[in-house]
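Visitor: sequence? don't have it. structure:
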């Protein structure tokens, strides 16, 4: 029997599973950061630094006590590791063995790397790291022309091939550049390195996805994962028959959820808290999913030509009252410690503007501190400002200049 959840219930379930808005966490601040990564299953790494980078931003939104050095400490303490989810990410070390199927697929050639393998160079690199210890791409001299889509030198491509097939890991970064080391010298001695069976792997994908996202469909669980959909569908049917997952109808669509997750529906949602999200936040990364669940059509426009941008280079979705209600294009200028807001667009159905304005201003104060900014500058066009209420304009003006 398929039960029904209202769209509002589904949204509540998703947000609680995603730890948004955050609630007070027990233990130390770094323990709360690790707990957030383990709940989310991964945190995407991104290089764009218009504001604080996405991996820091995503964790700060789940843990108000988050400090940017937490990730480096967790990597060095071997609590998390770098690898690939749907993109480059930090993953819980406890889940290491479930990265092995992808690594073995790269090593065997079942999955093609975006760089061509240079086995002779890869062997030479492994020998150097074995003899000399951790090395960076810059430690390998190259005097010829750089090749490849990202114009990277051959040694960098070989390092990434070795990293993706599991021969190398990243024990730490230096000025955000990867340092590579032999995997056996990085892994904790107690970690399970047995390769999971297909059934184990499928169950892991199902349970970790549903735990992190509240509810989901098979197509969402295999987002950017090749050759897994049939196995996931089969596993979901087995788990449904055994009572390990439940099936629900939400707004005409069928979803699966873990029975234990349904207890989250009785937990109050901190609707008055507002959060300014990263474009690469776990909640948002599957755009079609967000459109179905939250009726929010979002596109990051930093890859769109300037003349075709609708909201701005790096617009940040804003979560409030259990909905995605607005987007704000901004930039943290480190030299002057100023947060510039270039655009602020509210969803047309948003009605409680005074309450929203007060919540935004309160969160902006913390967001500025997180981005090491002490001043706010509004560069919102007059045409856009007409759509903002006077409370919001006056509150924002109190921070800085227009």
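Guide: Thanks, I have it. Because the structure is a prediction, the values reported are computed rather than measured.

Visitor: Residue 102 reaches residue 84, doesn't it?
Guide: Yes. Residue 102 is in contact with residue 84 according to C-beta atoms under 8 Å; the separation is 6.5 Å. (Each C-beta comes from the backbone N, C-alpha and C, glycine too.)

Visitor: Overlap in contacts, those two.
Guide: Common neighbours of residue 102 and residue 84, using C-beta atoms under 8 Å, 6 or more residues apart in numbering, are residue 164.

Visitor: helices or strands up against the top strand by length along the chain?
Guide: Across the chain, the longest stretch assigned as strand under DSSP state E is strand 323-333. Counting contacts by 3 or more C-beta pairs under 8 Å, 6 or more residues apart in numbering; DSSP states H and E, strand 323-333 packs against helix 287-294, strand 315-320, strand 338-346, helix 353-370.

Visitor: Check which helices and strands the first one is in contact with.
Guide: Applying 3+ C-beta pairs under 8 Å, 6+ apart, one finds that helix 287-294 makes contact with helix 7-17, strand 323-333.

Visitor: Run the angle between the last one and helix 353-370 for me.
Guide: The reference is to strand 323-333. Our comparison of strand 323-333 with helix 353-370, counting by axes from the mean of the first three to the mean of the last three C-alpha atoms, to 10 degrees, yields an angle of 40 degrees.

Visitor: could you measure the residue lying closest to residue 14 once chain neighbours are set aside against residue 284, distance?
Guide: Nearest non-adjacent residue to residue 14, counting by C-beta to C-beta, 6 or more residues apart in numbering: residue 214, 4.3 Å away. Distance from residue 214 to residue 284, counting by C-beta to C-beta, to the nearest Å: 14 Å.

Visitor: which of those two has more neighbours?
Guide: residue 214 (26 against 22; other C-beta atoms under 10 Å).

Visitor: follow-up on the earlier one: what strands line up against the longest strand of the chain, and which way round?
Guide: Strand 323-333 has the following strand partners under DSSP bridges: strand 315-320 (antiparallel), strand 338-346 (antiparallel).

Visitor: what is the mean pLDDT for the shortest one?
Guide: Read it as strand 315-320. Strand 315-320 comes out with an average pLDDT of 97.

Visitor: Show residues contacting it.
Guide: So strand 315-320 is contacted by 15, 20-21, 51, 271, 273-279, 281, 283-284, 296, 298, 300-301, 324-330, 343, 345, 356, 359-360 (C-beta under 8 Å, 6+ apart).

Visitor: The last one too?
Guide: Here strand 338-346 makes contact (C-beta under 8 Å, 6+ apart) with 311-313, 315, 325-333, 353, 356, 364, 367-368, 371, 373-381, 384, 387-388, 396, 400.

Visitor: Quick one, which of those are buried?
Guide: Listed as buried from these are 311-313, 315, 325-332, 356, 364, 367-368, 371, 373, 376-378, 380, 388, 396, 400; burial here means 16 or more other C-beta atoms under 10 Å.

Visitor: Using the record's assignment, carve the protein into domains.
Guide: Partitioning the chain according to automatic domain parsing yields domains covering residues 19-185, 278-401.

Visitor: Report the distance from the shortest one to the chain centre.
Guide: What separates the centre of domain 278-401 from the centre of its chain is 18 Å, taken as C-alpha atoms, centre = their mean, to the nearest Å.

Visitor: What of the first one?
Guide: On the basis of C-alpha atoms, centre = their mean, domain 19-185 is displaced by 14 Å from the centre of the chain it belongs to.

Visitor: First-to-last residue distance for it?
Guide: Terminal residues of domain 19-185 lie 34 Å apart, using C-alpha to C-alpha, to the nearest Å.

Visitor: Would you confirm that residue 201 contacts residue 102?
Guide: No. With contact defined as C-beta under 8 Å, residue 201 does not count as touching residue 102 (9.6 Å).

Visitor: now the strands for the stretch 51-200 of the chain?
Guide: 80-84, 88-92, 168-174, 177-182 (DSSP state E, counting those that start in this stretch).

Visitor: Could you please name the strands the second one pairs with and the direction of each pair?
Guide: So that's strand 88-92. In its sheet, and by DSSP bridges, strand 88-92 pairs with strand 43-44 (antiparallel), strand 80-84 (antiparallel).

Visitor: Is it possible to get TSV of those that adds mean pLDDT, distance to residue 161 and mean neighbour count?
Guide: Converted to TSV, the strands paired with strand 88-92 look like this (pLDDT from 0 to 100; distance: least, C-beta to C-beta, whole Å; neighbours: other C-beta atoms under 10 Å):
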stretch	mean pLDDT	distance to residue 161	mean neighbour count
strand 43-44	98	21	24
strand 80-84	97	13	21
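
Visitor: possible to save those as a markdown table with distance to residue 338?
Guide: Output for the strands paired with strand 88-92, formatted as a markdown table (distance: least, C-beta to C-beta, whole Å):
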| stretch | distance to residue 338 |
| --- | --- |
| strand 43-44 | 27 |
| strand 80-84 | 32 |
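
Visitor: so which of those comes closest to residue 251?
Guide: strand 43-44 (27.4 Å; C-beta to C-beta).

Visitor: List the contacts of that closest one.
Guide: Under the criterion C-beta under 8 Å, 6+ apart, residues 36-37, 54-55, 58-59, 85-90, 280, 282, 285 lie in contact with strand 43-44.

Visitor: can you rerun that using 10 Å?
Guide: With C-beta atoms under 10 Å, 6 or more residues apart in numbering as the test, strand 43-44 has contacts from 33, 36-37, 53-59, 62, 71, 80, 85-92, 278-282, 285.

Visitor: low-confidence ranges in the protein?
Guide: Low-confidence segments of the chain, defined by pLDDT under 70: 1, 141-152, 381-391, 395, 398-402.

Visitor: go with 80
Guide: Along the chain, the parts satisfying pLDDT under 80 run over 1-2, 111, 113-114, 141-152, 224, 226-227, 379-402.

Visitor: And the helices in the protein, which stretches?
Guide: For the chain, applying DSSP state H gives helices covering 7-17, 29-40, 54-62, 69-76, 100-108, 119-132, 154-164, 198-213, 218-221, 229-241, 287-294, 353-370, 382-385, 390-399.

Visitor: So for residue 187, which of these sits nearest?
Guide: Among the helices of the chain, helix 100-108 sits nearest to residue 187 (C-beta to C-beta), with 11.5 Å.
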